[in-house]
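no FASTA, just this:
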């Protein structure tokens, strides 16, 4: 679902450098990252705020483009760092979104083969408590958890994005996952925590 | 159950209907970044209808937008502040209101289109630090827009260079029906949830007080002075739009009440017609002018003039200039009368 640009003709740093003089080049960066940033923001802050968050993210990025460290070819952590700060400014909206989901539970009808239905029903049943748990995490823990779970960031990328140490990523993720697991009713001793890449 | 997998399911449940962000977001970002660079001006929004600009921007407009700073030298009225007094502005606007009020009322059906024809000259200047006036390019277009009255019909915008006989650029503006807009782009068809954006508003106030409140509301939400926002909102409202006579009159009466509105004096509009202009100077260093026919006071178009030497621009340079040639209500997109 996450659409990333393939067959790049120039890495992000080159595009950003080019945009210093030719501002239209900045559109390349938008086209590469808007879909994933939008989807991430939409999940977190919902339809009312997602567009604003993304627009402000790109505007902030545009203003900071001369400060971009050109030795980093991949701009994804930089942009997600900015979007994370924009989302932080809408923390109430975000938490309200999880609360709403927690209350609404699972009213959807699920169609399909029996085993798929069973899996979907299980997932739906867990959605409410899960949303509640996510909403109750500290913002710092939530940032780490959702970058990993929703945008498949590695520890290193999270560290770069949030400008924290890898050890901090690890401990925040560990704490967030424990909270979430507890909310799902599972202090299941057989559950193993696999290492996330 | 693995909580990361469950989280993934939660994320999917929270996903937007469409995998890609709405096209209007792209236009917004590009417009805002262009504005950021060409901070001396408000971007010329001449090519955009007031409500439908998000869609309209999808095509050729984007080029104009990302060009950023637009300048033209048309009639140099000098960088001096307008000589006339505010009360002269009030007289012109009263005349414009009176002219509007005397127009015949047109019955408008939801399934019809607002047809707006205009010509524009502007100069796109590259944004780089080292670029100079020599790098400017002229944009001179004739533009025809068919905008769905209730937002459900498929509208269209056609733009053609005014000289050199270049080819017309056509932008489809698919209507929003049953909450869905169907896009065709590069052979691909996509859908997008939407709300119809009406291009004829039946809910506009017909009195000056109500209209001024409407302009303040519509212009709000920026860091600009609120009088500037209200004045610009008036321009946005009447640009490429058919406004019922009473409401159009109310717009001009409302503008007459905005502090800081002055008269520029005799000007030529983009079509060479002699007019008088009322204007408001923008904190960004340019002056936005609404041009009226010198004799009838009918609205002719608009212009933006630099008032300070700034960013390589000279006071008195016209940044963009648009003349409205025709506004009509038609039954089909593509029809001109």
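Looks like it came in fine. Predicted model, so just to flag it, every value in this text is computed and none were measured.

who's in contact with residue B:256?
By Cβ atoms under 8 Å, 6 or more residues apart in numbering or on different chains, the residues touching residue B:256 are B:89, B:90, B:93, B:94, B:97, B:208. The C-beta positions use only the backbone N, C-alpha and C, and glycine is treated the same way.

buried only: go through those residues for me.
Neighbour-count burial (16 or more other Cβ atoms under 10 Å in any protein chain shown) applied to the contacts of residue B:256 gives B:89, B:90, B:93, B:97, B:208.

test my guess that the last one contacts residue B:258.
Okay, so that is residue B:208. No - look at residue B:208 against residue B:258 with Cβ atoms under 8 Å: they stay out of range, at 10.8 Å.

in helices only, show me the buried ones among the contacts of residue B:256.
Among the buried ones among the contacts of residue B:256, the ones falling in helices (DSSP state H) are B:89, B:90, B:93, B:97, B:208.

OK, contacts around the second one?
If I follow you right, that is residue B:90. By Cβ under 8 Å, 6+ apart, the neighbours of residue B:90 are residue B:256.

check what pLDDT it gets.
At residue B:90, the pLDDT value in this model is 91.

distance of it from residue B:97?
10 Å (Cβ to Cβ, to the nearest Å).

do the same with the first one
For residue B:89, the distance to residue B:97 under the criterion Cβ to Cβ works out to 12 Å.

residue boundaries of the helices in chain A?
A:12-21, A:26-45, A:47-63, A:76-88, A:91-104, A:114-136, A:139-151, A:155-162, A:166-183.

closest to residue B:187 out of the ones you listed?
Across the helices of chain A, residue B:187 has its closest neighbour in helix A:26-45 (17.9 Å, Cβ to Cβ).

from residue A:55, how far off is the most centrally placed residue in chain A?
Here the mean C-alpha position of chain A is nearest to the C-alpha of residue A:147 (Cα atoms, centre = their mean), at a distance of 4.0 Å. Separation of residue A:147 from residue A:55 (Cβ to Cβ) stands at 21 Å.

ok now do the closest residue to residue B:207 other than its chain neighbours, which residues does it touch?
Nearest non-adjacent residue to residue B:207, counting by Cβ to Cβ, 6 or more residues apart in numbering or on different chains: residue B:250, 5.7 Å away. If you count contacts by Cβ under 8 Å, 6+ apart, residue B:250 has them with B:97, B:204, B:205, B:206, B:207, B:208, B:210, B:211.

which one of these is nearest chain A?
In terms of Cβ to the nearest Cβ, no member of the contacts of residue B:250 lies closer to chain A than residue B:204, at 25.8 Å.

pretty sure the closest one is in a strand, no?
No - in this structure, residue B:204 is coil, not part of a strand, as judged by DSSP: H, G, I helix; E, B strand; the rest coil.

what pLDDT is listed against the closest residue to it other than its chain neighbours?
Among residues not flanking residue B:204 along the chain, residue B:247 sits closest, at 4.0 Å (Cβ to Cβ, 6+ apart). Per-residue pLDDT puts residue B:247 at 96.

give the contact list for residue B:195.
Residue B:195 sits in contact with B:151, B:176, B:179, where contact means Cβ under 8 Å, 6+ apart.

cool, residue A:129 as well?
Shown in contact with residue A:129 (Cβ under 8 Å, 6+ apart): A:102, A:183, A:184, A:185.

mind giving me the PyMOL select for these, buried ones only?
Buried residues among the contacts of residue A:129 (16+ other Cβ under 10 Å), as a PyMOL selection:
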select buried, chain A and resi 102+183+184
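
which one of the contacts of residue A:129 is nearest chain B?
Distance to chain B across the contacts of residue A:129 (Cβ to the nearest Cβ) is lowest for residue A:184, with 6.0 Å.

can you pull the contacts of that closest one?
A:126, A:129, A:130, A:133, B:1, B:3, B:6 are the contacts of residue A:184 under Cβ under 8 Å, 6+ apart.

rewinding a little: next, give phi and psi for the spatially closest residue to the residue nearest to the centre of chain A that is not a sequence neighbour.
The shortest distance from residue A:147 to any non-neighbouring residue, by Cβ to Cβ, 6+ apart, is to residue A:153 (4.3 Å). Residue A:153 has phi and psi values of phi -80, psi 150 when expressed as degrees, to the nearest 10.

quick check, residue A:153 in contact with residue A:160.
No - Residue A:153 lies out of contact with residue A:160 (Cβ under 8 Å); the separation is 9.0 Å.

more neighbours, these two?
Comparing residue A:153 with residue A:160 by neighbour count (other Cβ atoms under 10 Å in any protein chain shown), the higher total belongs to residue A:153, at 23 against 20.

check contacts around the more buried one.
Applying Cβ under 8 Å, 6+ apart, we find residue A:153 in contact with A:77, A:80, A:147, A:161.

any idea how far it is from chain B?
Separation of residue A:153 from chain B (Cβ to the nearest Cβ, to the nearest Å): 12 Å.

quick one, grab the pLDDT at residue 9.
In the absence of a named chain, chain A is used. pLDDT at residue A:9 comes out at 56.

let's do chain B instead
Residue B:9 is given a pLDDT of 84.

so after the helix or strand containing it, what's the next helix or strand?
In the assignment (DSSP states H and E), residue B:9 maps to helix B:3-13. Per DSSP H and E, the first helix or strand lying C-terminal to helix B:3-13 is helix B:23-37.

between that following helix and helix A:26-45, what angle do the directions make?
Per axes from the mean of the first three to the mean of the last three Cα atoms, to 10 degrees, the angle that helix B:23-37 makes with helix A:26-45 is 120 degrees.

how far off helix A:12-21 does helix B:23-37 point, in degrees?
Orientation of helix B:23-37 against helix A:12-21 (the same axes, to 10 degrees) gives an angle of 50 degrees.
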